[in-house]
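>>> My questions are about this predicted structure, shown below with the sequence.
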Amino acid sequence: MLCLLACVLLALTAPASAQTLARPGWAGSGLNADPWWKRAVFYAVDAGPTGAGQASASQQTPDCKALAERLGALRSLDVDALLLPAPALPAPGTNGTMPDLDDLDSLIRQASERDMRILLTLPAPSNAADLAAVARFWLNRGIAGFYLEPPPGTSSQDEQALVQALRKATDAAVGQRIAIAQFNPDAGGVPAATALHPAPRRIAGRRTRRAGESGEAQLEIDPRLSRLDLPDAAGLRQLLTESLDEPNVLLDYQPPAPPANAPDPYPALAQAMAAILLTTHTSALIDSSAGLVLEAAPDRSEAAEQPPAAPPPPPPPPAAPPGVYLPFVPYTPPPKPLPMAVTKPAPPDPLTLWYRQLAALHHDNAVIRSGSKTFLDFDAQNALVWVSRPAAGSERSFPVIAACNLTSSPLVLSLASDAKALGLHGSYLLTLLRSDTGMGAQDLNSVTLPPFGVYIGELHR
């Protein structure tokens, strides 16, 4: 019996040891066979593509102490990994001064306690050997992966050689460390999405590539959403259909500067863009430029938890000399200390709460996260609508329809004919998430969207 119990315990602990995460010895549950990055939500801090005249992401120094104070807020946002600029190291072969990495080490340790990983944005050096040496240095400190930021003008061949060197270094480390590269539209794969109506133009001459194969980055950051002058249904539908040709893409969205002498349209579109980022691909990227409210944890130090000191008691009356009687003085009790003020937590920021709900839906609903996507043509009404269908054999899963109103007027959409053309059976949508305060299911013939509203629901008969 004892022998059998030992074998069971060994079988339970073996998969967990293969799920080592951000630092040596930290093990995951091993309950999911997929690599962790297949369903992860990343939060990029001052990272991502930069415009002309801006400092590169990797030249900025992250405030690791401030991030450590906000790890609880990031975890409540369902973030799985942080992508930070890498502290600058002296060039290989020089005697430069090493930066103080104590705060970063502390951040890695505290993040691992919350089942979160830390990744770094690395500026690509001039050769692959230097990149491999830098990567090994960070991997030994517990970094879970890298986003490679090539210098401007790097050829695709040179960039691919750097990615291969980085991937070789991450593969050699324990714990599913990963390499992330910039999206390269000339290296995509076979289409993973279909269009019900005439498909947008696809990029020709693309070769088939499997995610995670040796020599390739596991994920690519696609910044094309940020390059749209003003997101509309037609432009978004074309771009997203093309991006789904490569399933392991992280969509990066940083709102551009508002148009001159015109109202800023991007805050009104923030909820729709968040829904696109977190429900169209298997992994998701939230950029710090989204401006989410991440409160620092309260001070839990021993000094902060001590109540205020009570005032000292009054001194006793002086003793009377023998034979002398002092007048009677009534006893006055010492004043009671004032009660400590109770600070009520501020109500959650609406956009932060929306991101939190979308991230939870991304993790919990496999159809939304990894189902096959079909974008419907509602360009004339400036509504972006897509269907996520479960994999074959998923009998208990239902198709999910998401609709985003990109206009300042309410919309009523009829989706029944489009669902029928896709071979889907159902008459109503059971609400999973909506940006307004509406209640109840929606009839497939009349899906109502408020101005700039988002609705996500499961299709039922």
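Arrived safely.
>>> Now do the same for the spatially closest residue to residue 349 that is not a sequence neighbour: its pLDDT.
Among residues not flanking residue 349 along the chain, residue 293 sits closest, at 3.9 Å (C-beta to C-beta, 6 or more residues apart in numbering). Every C-beta, even on glycine, is put in place using the N, C-alpha and C of the backbone. For residue 293, the pLDDT comes out at 92.
>>> Next, find the distance separating residue 293 from residue 348.
Separation of residue 293 from residue 348 (C-beta to C-beta, to the nearest Å) stands at 8 Å.
>>> And residue 450, by the same measure?
Taking C-beta to C-beta, one finds residue 450 at 20 Å from residue 348.
>>> More neighbours: which of those two?
residue 450 (16 against 13; other C-beta atoms under 10 Å).
>>> give the contact list for the more buried one.
405, 410, 435, 436, 438 (C-beta atoms under 8 Å, 6 or more residues apart in numbering).
>>> mind redoing it with 7 Å?
The contact partners of residue 450, by C-beta atoms under 7 Å, 6 or more residues apart in numbering, come to 405, 410, 436.
>>> Any regions of the stretch 151-300 of the chain where pLDDT drops low?
Low-confidence segments of the stretch 151-300 of the chain (pLDDT under 70): 185-214, 298-300.
>>> need the helices for it, in chain order.
Remark: helices assigned in the stretch 151-300 of the chain by DSSP state H, counting those that start in this stretch are 156-172, 233-243, 270-279.
>>> Ok, which of those helices comes nearest residue 382?
For the helices of the stretch 151-300 of the chain, proximity to residue 382 was assessed by C-beta to C-beta; helix 233-243 is nearest, at 4.9 Å.
>>> where's residue 430 relative to residue 64, distance?
Counting by C-beta to C-beta - residue 430 and residue 64 are separated by 43 Å.
>>> actually residue 452, sorry about that
Residue 452 is 36 Å from residue 64, by C-beta to C-beta.
>>> for residue 150, same thing?
From residue 150 to residue 64 the distance is 25 Å (C-beta to C-beta).
>>> Give me the more crowded residue out of those two.
Each of residue 150 and residue 64 has its neighbours counted (other C-beta under 10 Å); residue 64 has more, 21 against 17.
>>> Now do the same contact list for that one.
Counting by C-beta under 7 Å, 6+ apart, residue 64 touches 103, 104, 107.
>>> need the contact list for the closest residue in space to residue 62 that isn't next to it in sequence.
In space, and not counting its chain neighbours, residue 62 is closest to residue 84: 4.4 Å by C-beta to C-beta, 6+ apart. By C-beta under 7 Å, 6+ apart, the contact set of residue 84 is 45, 62, 118, 120, 121.
>>> From the contact counts, what lies against the helix or strand where residue 107 lies?
Using DSSP states H and E, residue 107 falls within helix 102-113. Packing partners of helix 102-113 (3 or more C-beta pairs under 7 Å, 6 or more residues apart in numbering; DSSP states H and E): helix 64-69, strand 117-123.
>>> just the helices in the stretch 351-461 of the chain please.
Assigned by DSSP H, counting those that start in this stretch, the helices in the stretch 351-461 of the chain fall at 366-370, 416-421.
>>> May I have the strands that pair with the strand or helix carrying residue 42, each with its orientation?
Per DSSP H and E, residue 42 falls inside strand 41-44. Here strand 41-44 has these sheet partners by DSSP bridges: strand 81-85 (parallel), strand 284-287 (parallel).
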